[in-house]
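Trainee: Predicted coordinates and the sequence they were generated for:
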Amino acid sequence: MKPNPQAAYARHLDDRQPGEGLLADALSGLSKSPKRLPSKYFYDARGSELFERICEQPEYYPTRTESAIMREYVGAIAAALGPQVRLVEYGSGSGLKTRLLLRHLESPVAYVPVEISRSALAESTGKLECEFPAIEMLPVCADFAQPIKLPRAARAPRQTVVYFPGSTLGNFGSDDALRLLREMRSEAGQGGGVLDGGVLIGIDLVKDPATLEAAYNDAAGVTAEFTLNLLVRMNHELGADFDLAGFRHRARWHPLAERIETHIVSRREQDVHIDGRAFRFAENEAMLVEYSCKYTLEGFARFAARAGLRVAEVWTDPHRQFSVQWLVCD
C-alpha cells in the first residue's frame, strides 16, 4: 500500500485550524492606513499551485536562474557545506532544489523543512523520504517568520545549515529581514553540531526595471491570479465578501527602496465585510500585499554582517541576475 504522507508526518505537523492567524492579521491589516496584508497568506493549496505556475512563466527569471546556478555549482556548494549536515529549510515548498542539494551532500544527517502550507509540506517530504531513506525527515508546519523551536536529529550532526532559497528574504522589510537572518544565525550556531554552521541563501540582484517589472506582471496573468487568490482565500476561510471583479493586481519597481511593491487595487469605491466588520475601499485605493526586495552583492554583504554573518562564497549566473550565497557565523 502506498504510504499516506499526511498520516506519516502527523506527529510533526502543528494543529492550526484554517483561518487561524489569518483573521487577526486581516482585521489588523485592513484597519491600517494604508491597508496591508501579509504575503505569507498567499500560500494555501491553490496559492502554492499558482506559484509553481508563476515559476514556469517566461518572464519570471528567479526560479530558473537559481536552479541553473544550483545545477552548475552544486558540487562546490556541497563541498562548502561539508559532511554530516542537519539541513533546515525555511519555506520548503515543493523541494525541487532541495532534492538536488541532498543528492550531493556527503552523509547528511537530517532534513528539517519548515513550511506554512500543510499540503505542500506533506507532499514534498513524502517524496523526499522515498528518495532519501537514510536521511531523517523532521517536517514542521509553521510560519518561519515567527519564533519556533525546531526538532533535533536523532544522530548528532557535524553542523546545522539553514537553507533559504528562492530570494524569499526579499519579501521582508529591512527590519524583519535582519531579525530573520539573526534567527537563522542562532539556529545554525546552536543547531547541535560540533561546529558553528551557516546559511545557504538565494538573493535576487538589482537589475534593469523592465526585467524586474515583467517578472511580476507576466503576460499570462498568472501572478495577478496568484495575488487575487488571497481575496479568494479570505472569502472561503473567513466568510469575507470580496468581489474579485472589483480589484486588480499591480506590481511596480520602487527605485529608491530597490524593491518591487505589489498591491491589490480597488477598481471602485466599495465596502468589504469580515467577521461582522465593514472596511471601506476608495476607488484606486491600493492595499500592500508584498515586497520583493533586491540587493547588490556589496549591499547584501553589509546587511548580512549586521546579523553576525559573513559571506564566504557567492555563486551567480553569467549575467549576475541572481546569486546563491554561503554565509558563515562570524
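Mentor: Okay, I see it.

Trainee: Next, work out how far apart Ala220 and Ser28 are.
Mentor: The gap separating Ala220 from Ser28 is 33 Å, by Cβ to Cβ, to the nearest Å. (Glycine included, C-beta is placed from N, CA and C.)

Trainee: Repeat that for Arg185.
Mentor: Distance from Arg185 to Ser28, by Cβ to Cβ: 29 Å.

Trainee: How about Arg155: what's its closest non-neighbour residue?
Mentor: In space, and not counting its chain neighbours, Arg155 is closest to Val109: 5.2 Å by Cβ to Cβ, 6 or more residues apart in numbering.

Trainee: same question but for Leu30, I mixed them up
Mentor: Per Cβ to Cβ, 6+ apart, closest to Leu30 is Phe279, 4.5 Å.

Trainee: and Ser292, bridged to which residues?
Mentor: Beta bridges link Ser292 to Ile260, judged by DSSP bridges.

Trainee: That one against Thr262, yeah?
Mentor: Yes. Assessed by Cβ atoms under 8 Å, Ser292 is found in contact with Thr262 at 7.1 Å.

Trainee: Quick check: neighbours shared by these two?
Mentor: Any residue near both Ser292 and Thr262 by Cβ atoms under 8 Å, 6 or more residues apart in numbering counts here, and that gives Tyr216.

Trainee: And these two? Which one has more around it.
Mentor: Set Ser292 next to Thr262 and count neighbours by other Cβ atoms under 10 Å: Thr262 wins out with 25 against 21.

Trainee: Quickly find the element holding the more buried one.
Mentor: According to DSSP states H and E, Thr262 maps onto strand 259-266.

Trainee: Spell out the residue ranges of the helices in this structure.
Mentor: For the chain, applying DSSP state H gives helices covering 5-8, 22-31, 45-54, 61-81, 96-104, 118-131, 174-189, 209-215, 222-238, 297-306.

Trainee: Distance to Lys149 and mean neighbour count added to these, as a markdown table?
Mentor: A markdown table is the format used below for those (distance: least, Cβ to Cβ, whole Å; neighbours: other Cβ atoms under 10 Å):
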| stretch | distance to Lys149 | mean neighbour count |
| --- | --- | --- |
| helix 5-8 | 22 | 15 |
| helix 22-31 | 22 | 16 |
| helix 45-54 | 25 | 18 |
| helix 61-81 | 23 | 17 |
| helix 96-104 | 22 | 17 |
| helix 118-131 | 17 | 19 |
| helix 174-189 | 10 | 18 |
| helix 209-215 | 36 | 16 |
| helix 222-238 | 27 | 20 |
| helix 297-306 | 24 | 16 |
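
Trainee: Now tabulate these in a markdown table and tack on mean pLDDT and distance to Leu150.
Mentor: Formatted as a markdown table, those follow (pLDDT from 0 to 100; distance: least, Cβ to Cβ, whole Å):
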| stretch | mean pLDDT | distance to Leu150 |
| --- | --- | --- |
| helix 5-8 | 38 | 19 |
| helix 22-31 | 96 | 23 |
| helix 45-54 | 92 | 22 |
| helix 61-81 | 97 | 18 |
| helix 96-104 | 93 | 16 |
| helix 118-131 | 88 | 14 |
| helix 174-189 | 94 | 7 |
| helix 209-215 | 97 | 32 |
| helix 222-238 | 98 | 27 |
| helix 297-306 | 98 | 21 |
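
Trainee: ends of stretch 86-101, how far apart?
Mentor: Terminal residues of stretch 86-101 lie 12 Å apart, using Cα to Cα, to the nearest Å.

Trainee: mind checking how far Arg111 is from Val161?
Mentor: Quick fix: residue 111 reads Tyr, not Arg. On the measure of Cβ to Cβ, Tyr111 and Val161 end up 10 Å apart.

Trainee: and for the two, which residues touch both?
Mentor: With Cβ under 8 Å, 6+ apart as the test, Tyr111 and Val161 both reach Leu87.

Trainee: Give the closest residue to Ala154 in space, chain neighbours not counted.
Mentor: Ala154's closest residue in space is Glu136 (Cβ to Cβ, 6+ apart), at 5.9 Å.

Trainee: Touching, the one you found and Leu102? I think so.
Mentor: No. Contact criterion Cβ under 8 Å: Glu136 and Leu102 do not qualify, at 12.0 Å.

Trainee: Pull up the overlap in contacts between these two.
Mentor: Tyr111.

Trainee: For the residue lying closest to Glu285 once chain neighbours are set aside, name its beta-bridge partners.
Mentor: Spatially, and ignoring its direct neighbours in sequence, Glu285 is nearest to Ser266 (4.7 Å; Cβ to Cβ, 6+ apart). Under DSSP bridges, the beta-bridge partners of Ser266 are Phe247.
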